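Asker: Got a sequence here, can you model it:
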Amino acid sequence: MKIVKRRNRQMTMERILRAMGDVMAERGTEKAGINAVAERAGVNKVLIYRYFGGWNGLLEAYVQRGFFLSMFNEKYLDSVPDNLTPEARSKAWSDYTIQFMNEFRDRKASQELIRWEMSNGETELARRLADFRDQSYKNMVSKLAPNTDFDPIAINSLMTAAVTNLVLTSTQRDHIGDIDLRSDAGWERLEKAIRRIYSSLNTALEVEQTKKAEIA
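Answerer: Below you'll find the model as predicted:
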């Protein structure tokens, strides 16, 4: 009986979180609220307070449980094998960045949430959401790039910021340079560029490590 109750509770929580994404996508984060989420999920709003503690807890759960983007949770990190070769790490980083880009493109609610954070970055909630993502990046870096001499956090931050800007820009503009942001071909060009960047970076780091070893 307890197992059934736990399963039903989990299903209800997921329905609420999905409803929250729908509401944010339609109205934007600023205009979303517990009443609208409860109505969309078909639940009494009392359940939202019981399960999540209120709006802030609901928003944090949305991000932390992978509804914002699937790679921001422990399951994604656990899916990445340990002790990858340099070449395999390069592919894993490329796959991670490309999945980030494609999911962010597809999830309007996530775009709206990032826009909200940009406008409300001084609030405690916005800082907590950003801190959670930052820790997720650090966990990924520690698993894929154990050599900190090359500042992988800075590299990942640059790539993530670039992808975020590209996706948000694509909702306002048709092109960047001669890249068509409204076509699959344009985004395929960007995917290829990401793979080339990480492949070239991997080669450059190997050369630098070899030089250091020779000097030592």
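
Asker: and the closest residue to residue 89 other than its chain neighbours, what is it in contact with?
Answerer: Counting by Cβ to Cβ, 6 or more residues apart in numbering, residue 89 lies nearest to residue 144, which is 5.2 Å off, once chain neighbours are set aside. Quick note: C-beta positions are derived from backbone N, CA and C, even for glycine. By Cβ atoms under 8 Å, 6 or more residues apart in numbering, the residues touching residue 144 are 80, 84, 89, 92, 93, 96, 152.

Asker: so which of those residues is the most crowded?
Answerer: residue 93 (26 neighbours; other Cβ atoms under 10 Å).

Asker: Pull up the gap between the nearest residue to that one once chain neighbours are set aside and residue 163, please.
Answerer: What sits nearest to residue 93 in space, not counting adjacent residues and going by Cβ to Cβ, 6+ apart, is residue 198, at 4.9 Å. Residue 198 sits at a distance of 13 Å from residue 163 (criterion: Cβ to Cβ, to the nearest Å).

Asker: Likewise for residue 69?
Answerer: Distance of residue 69 to residue 163, computed by Cβ to Cβ: 11 Å.

Asker: intersection of neighbour lists for those two?
Answerer: 100, 104.

Asker: Might you list the low-confidence residue ranges for the chain?
Answerer: Applying pLDDT under 70 to the chain picks out residues 1, 146-148, 207-209, 212-214, 216.

Asker: hang on, the earlier thing: could you check how far the residue nearest to residue 89 is from residue 101?
Answerer: According to Cβ to Cβ, residue 144 and residue 101 sit 17 Å apart.

Asker: for residue 154, same thing?
Answerer: Counting by Cβ to Cβ, the gap from residue 154 to residue 101 is 19 Å.

Asker: higher neighbour count, these two?
Answerer: Between residue 154 and residue 101, residue 101 has the larger neighbour count (other Cβ under 10 Å), namely 21 against 10.
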